[in-house]
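J.: Quick one, what's the 3D model for this:
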Amino acid sequence: QVRLVESGGGLVPAGGSLRLSCAASGRTFRTYVMGWFRQAPGKEHEFVAAITWSGDNTYYADSVKGRFTISRDNAKITVYLQMNSLKPEDTAVYYCGAGLKPGTRRDEYNYWGQGTQVTVSS
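T.: Model prediction:
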C-alpha cells in the first residue's frame, strides 16, 4: 500500500499563493506518477497537474498553466504544488494521487490522500 498525506491548504485572498505538499510512504517503489486533482463543491474531480518521479515530464491543466508548478523531492518522497495568482475558482479540495503511468483521469491513479481544502476569497 501507498499512503499519501496532503498538507498546506488554507484560506488565501485572490492573487495570493499557497504551497501544497504530499508526503508518500509505503510501496513507493511502484509509484511512477504523482498527480494533483481537485474537486469544487458540486463539481466533478478535475485534473490539475502531474509529474513523473524522474521529473522529466510535467503535465498541467490549461486552467492552471503559468500559475501552478508541480515539483518533487525524491529524498523526502514528497510532491509539491506551488499555486500562485490564485483565483476564487481555484477553491476546492485538493487531492494527491499516485499511479503507474502519467494520466489526467482519476481512474489512472491507484492511491489517494485524504485531501486538503483550499479556499480563495474574492
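
J.: The residue most central in space within the chain is in what secondary structure piece?
T.: The structure's the chain has its C-alpha centroid closest to Trp36; by CA atoms, centre = their mean the separation is 2.4 Å. Using DSSP states H and E, the element containing Trp36 is strand 33-39.

J.: Can you name the residues bridging to the residue nearest to the centre of the chain?
T.: Here Trp36 sits in beta bridges with Ala49, Cys96, going by DSSP bridges.

J.: before we move on, back to that, list the buried residues of the strand holding Trp36.
T.: For strand 33-39, a neighbour-count test (16 or more other CB atoms under 10 Å) marks Val33, Met34, Gly35, Trp36, Phe37, Arg38 as buried. C-betas here are computed from N, CA, C, even on glycine.

J.: Enumerate residues external to stretch 6-17 that contact any of its residues.
T.: 18-23, 82-88, 94-96, 113-122 (CB atoms under 8 Å, 6 or more residues apart in numbering).

J.: All good on my end, thank you.
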